[in-house]
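Enquirer: Generate a structure from the sequence data that follows.
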Amino acid sequence: MSDHVTEHPEATPAPTPTPARIDRRLIDGAVAPTLVRFAAPLLATNMMLSASGSWGSIWVSHVVGPDALTAMSNSWLFIMLMIGMVQGVGTTAGIAVAQAVGARDLDSAKRAAANALVFALFSSLVVGGLGIAFAPQLLTAISLPPEALAAAVIYFQVTCLSLPGLFTLVFMMMLVRGTGDSRTPFIFTVSAIVIGMAATPAFLIGLPGIPPMGIAGAAWSGVLANTAAAVALARYIYWKRLPLALWRQDLHHLKPDLGLIWMLIKRGTPVALETLVVQGAYFTLLAMVNVEGAATAAGYSAAAQLWAYVQMPAVALATSMSSMAAMNIGAGRWDRIDTIALRGCLVAGVFTIVTTGLLYLLGDIPLRLFLPAGGEALVVARSVNAIVLWGWVALAVTLGLNAMVRANGAMLAPTIIFATTMWVLRVPFATLLKPSLGVDAIWWSFPVGAVSSALLAYGYYRWGGWRRKGLLLARSPATA
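Expert: Residues are numbered from 1 along each chain as shown. Below is the predicted model of the structure:
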C-alpha cells in the first residue's frame, strides 16, 4: 500500500474519512436484512471462487486427466493449510478494525490494518519458500497415488509463487470488510476470477505465443490473477479514498509495531491452530481414502468439489455475523448480540438446506462435470454425497456461533471445539469402524463431526465466558 502512496503524493494531507462513510446500518439497522445484504457480495464472491475452481478442475480433468484432478485437490489442501497458518492474524485484524470502526476510532483501525499487511507480505515469502522446498515430501506424506504425485508437485510449487499476491489480497479484503464494506472485496474477487478463468485454458492448452503448460498452466493462471487483483485493489483503495487508505500522515503505521503484531499473532494463533487441526484431520482421512486406489480418490475429489457450494452461504453469513457483532460490541450494543446470533444461524441454516436439497435432486448431473459416465469413480462420488451432504447444515450453526464469540476476541474455544470433534470423534470413528463399514466409515465421520461441533459450539456460546473479554485495541489518543 505504501508504494501506491508514493505514486500519488498529496500537496496537503488527505482528508480523513468521517464515520459517516462507514455503513452504520450494521449497528443500527434491522438484523436479518442487514446480514443478508452484507453477506450477499461475499456469497456471490464465494460462489464465483468455487465456480472458478470448478472451471479449472473441469479443464484439468478433461485436458490432462482424472489423476491431475486428484493432484489439484490434494495440493489445495496444503495451500489452504498455508493460508490458514497466517489467516488468523487477518481474522483478528479484521475484528480489531470492526471494533475500532464501531467505536469511531479510525486511527486505530488503520494501525491494525497496516501492521496486518506487513505481516501478510513477510509471512507469504516465508511460507511460500518452505512450500516450494518441501513439496515432494509433503505430498508423499499423504499417500498420494503414484499416478498423481508428479503433477501434484508441479502444481503445488507453482501455486506457492502466488502466495505474496494471494496473502496480500486476502488480508486486504478481510480488513476492508471490517469497515462494513463487502462490495469492494467482491469487485476485486470478480476481477481475479475473470483473469484466472481466462488464463487457465489458455495456459493449459496453449495459444499463439503461449506454449501449452499442462497442469502447471492452471497454477500459473492463479499467480497472474492474484497478483493483478492485489495491485488493483491497493490502487482502488486510494482512488476512492476508502477508510483504510494510508495517507502521508498515516505512513508511520507501516513501521512494524511489534507489540500490536504480537497481539494479532497471539489472538490469531488459535485460528491458525484450528486450520492445522481441521486440515490435519482431513489429511489423515485423505490418506485413508488414497490407499483405496485412484478411483476412490477421484470420486472423493469430485464430490468434495460440490461441498463448497453447500457450505458457502454459511461461510458468507458467518463472516457477516462476525463483522456485525464486532461493530456492535465496539459500539456497546450488547442488546443486539443474541438477535444477531439467532437470526444469522437461522438464515444460514435455511440457505444450506436449500443448496443441499438441490444437489440431492440433481443426482449425478453435477458430478458428471468432473467424472466420466459409467466409471467406478462416479459410483464412489455418488455414495459420498449421499452420506455427507446433509451434515453441512449442522456446520452452518457451528460457523455462525463461532463467528459470534470471535467477534469479542474469544479465539481459543472454537479451536478446542474443532480439535475435539475432529480428533476425538471424526478420525477415531473412521478408523475404528472402517473394518466393519468399509470406506463408508470415512464418509459417515463427516456428519458425525459436524453435528458434534454444532452442539459444542452452542454450549460455549450459551454458557462460556466470551462476553467478559475487552476490546482488542485501546482507543487512540485522538478518540479516547
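Enquirer: in the chain, which helix or strand is least confident?
Expert: Considering only helices and strands, the least confidently modelled element of the chain by mean pLDDT, DSSP states H and E is helix 2-7, at a mean of 33.
Enquirer: Show me which residues of the helix or strand where residue 280 lies are buried.
Expert: Secondary-structure element containing residue 280, defined by DSSP states H and E: helix 258-290. Applying a neighbour-count criterion of 16 or more other C-beta atoms under 10 Å, the buried positions in helix 258-290 are 260-261, 263-265, 267-275, 277-286, 288-290. C-beta coordinates here come from the backbone N, C-alpha and C atoms, glycine included.
Enquirer: now do stretch 171-184
Expert: Applying a neighbour-count criterion of 16+ other C-beta under 10 Å, one finds 171-182, 184 buried in stretch 171-184.
Enquirer: can you check stretch 181-201 too?
Expert: By 16+ other C-beta under 10 Å, the buried positions in stretch 181-201 come out as 181-182, 184-186, 188-193, 195-197, 199-201.
Enquirer: next one: stretch 361-372
Expert: By neighbour count, with 16+ other C-beta under 10 Å as the criterion, the buried positions of stretch 361-372 are 366, 367, 370, 371.
Enquirer: distance of the nearest residue to residue 139 once chain neighbours are set aside from residue 75?
Expert: Closest residue in space to residue 139, ignoring its immediate chain neighbours: residue 152 at 4.9 Å, by C-beta to C-beta, 6 or more residues apart in numbering. The gap separating residue 152 from residue 75 is 5 Å, by C-beta to C-beta, to the nearest Å.
Enquirer: anything in contact with each of the two?
Expert: Listed as contacting both residue 152 and residue 75 by C-beta atoms under 8 Å, 6 or more residues apart in numbering are residue 139.
Enquirer: if you look at the buried residues of stretch 361-372, which of them are in helices?
Expert: Of the positions in the buried residues of stretch 361-372, 366, 367 sit in helices, assigned by DSSP state H.
Enquirer: CSV please, covering the buried residues of stretch 361-372 and showing distance to residue 224 and pLDDT.
Expert: As requested, the buried residues of stretch 361-372 are arranged in CSV below (distance: C-beta to C-beta, whole Å; pLDDT from 0 to 100):
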residue, distance to residue 224, pLDDT
366, 28, 86
367, 30, 86
370, 24, 78
371, 28, 80
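Enquirer: how about the buried residues of stretch 361-372 in CSV, adding distance to residue 241?
Expert: Listed next are the buried residues of stretch 361-372 as CSV, based on distance: C-beta to C-beta, whole Å:
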residue, distance to residue 241
366, 43
367, 47
370, 44
371, 49
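Enquirer: Now the helix or strand hosting residue 193: average pLDDT?
Expert: Following DSSP H and E, one finds residue 193 within helix 183-205. Confidence for helix 183-205, expressed as mean pLDDT, is 83.
Enquirer: Alpha carbons only: can I get that helix in PDB?
Expert: Once non-C-alpha atoms are left out, helix 183-205 reads as follows in PDB (Å, rounded to 0.1, in the frame of the first residue of the first chain):
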ATOM      1  CA  ARG A 183     -18.900  -4.600  -2.000                       C
ATOM      2  CA  THR A 184     -15.200  -3.600  -2.700                       C
ATOM      3  CA  PRO A 185     -13.800  -7.100  -2.000                       C
ATOM      4  CA  PHE A 186     -16.500  -8.500  -4.300                       C
ATOM      5  CA  ILE A 187     -15.400  -6.300  -7.200                       C
ATOM      6  CA  PHE A 188     -11.800  -7.400  -7.000                       C
ATOM      7  CA  THR A 189     -12.500 -11.000  -6.400                       C
ATOM      8  CA  VAL A 190     -14.500 -10.900  -9.600                       C
ATOM      9  CA  SER A 191     -11.500  -9.300 -11.300                       C
ATOM     10  CA  ALA A 192      -9.200 -12.100 -10.100                       C
ATOM     11  CA  ILE A 193     -11.700 -14.800 -11.100                       C
ATOM     12  CA  VAL A 194     -12.200 -13.400 -14.600                       C
ATOM     13  CA  ILE A 195      -8.400 -13.200 -15.100                       C
ATOM     14  CA  GLY A 196      -7.900 -16.700 -13.800                       C
ATOM     15  CA  MET A 197     -10.800 -18.300 -15.800                       C
ATOM     16  CA  ALA A 198      -9.500 -16.700 -19.000                       C
ATOM     17  CA  ALA A 199      -5.900 -17.700 -18.300                       C
ATOM     18  CA  THR A 200      -6.500 -21.300 -17.200                       C
ATOM     19  CA  PRO A 201      -7.500 -22.800 -20.600                       C
ATOM     20  CA  ALA A 202      -5.000 -20.500 -22.400                       C
ATOM     21  CA  PHE A 203      -2.100 -21.700 -20.200                       C
ATOM     22  CA  LEU A 204      -3.200 -25.400 -20.200                       C
ATOM     23  CA  ILE A 205      -3.600 -25.900 -24.000                       C
END
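Enquirer: what about residue 60, distance to residue 274?
Expert: Residue 60 is 29 Å from residue 274, where distance means C-beta to C-beta.
Enquirer: oh sorry, the question was meant for residue 226
Expert: To residue 274, residue 226 is 24 Å away according to C-beta to C-beta.
Enquirer: For the residue lying closest to residue 412 once chain neighbours are set aside, give me its contacts.
Expert: Leaving aside its chain neighbours, residue 412 sits nearest to residue 270 (4.4 Å; criterion: C-beta to C-beta, 6+ apart). Contact partners of residue 270, counting by C-beta under 8 Å, 6+ apart, are 88, 411, 412, 414, 415.
Enquirer: ok, now with 6 Å
Expert: Listed by C-beta atoms under 6 Å, 6 or more residues apart in numbering, the contact set of residue 270 reads 411, 412, 415.
Enquirer: Could you tell me which residues make contact with residue 111?
Expert: The contact partners of residue 111, taken as C-beta under 6 Å, 6+ apart, are residue 253.
Enquirer: Tell me which helix or strand it sits in.
Expert: Going by DSSP H and E, residue 111 is part of helix 106-141.
Enquirer: Give me the buried positions along that helix.
Expert: Within helix 106-141, judged by 16+ other C-beta under 10 Å, the buried ones are 106-120, 123-124, 127-128, 131-132, 135, 138-139.
Enquirer: and it, average pLDDT?
Expert: Confidence for helix 106-141, expressed as mean pLDDT, is 86.
Enquirer: relative orientation of it and helix 258-290 in degrees?
Expert: Here the directions of helix 106-141 and helix 258-290 differ by 30 degrees (axes from the mean of the first three to the mean of the last three C-alpha atoms, to 10 degrees).
Enquirer: chain center to helix 106-141, what's the gap?
Expert: Here the centre of mass of C-alpha atoms in helix 106-141, compared against the chain's by C-alpha atoms, centre = their mean, to the nearest Å, lies 14 Å away.
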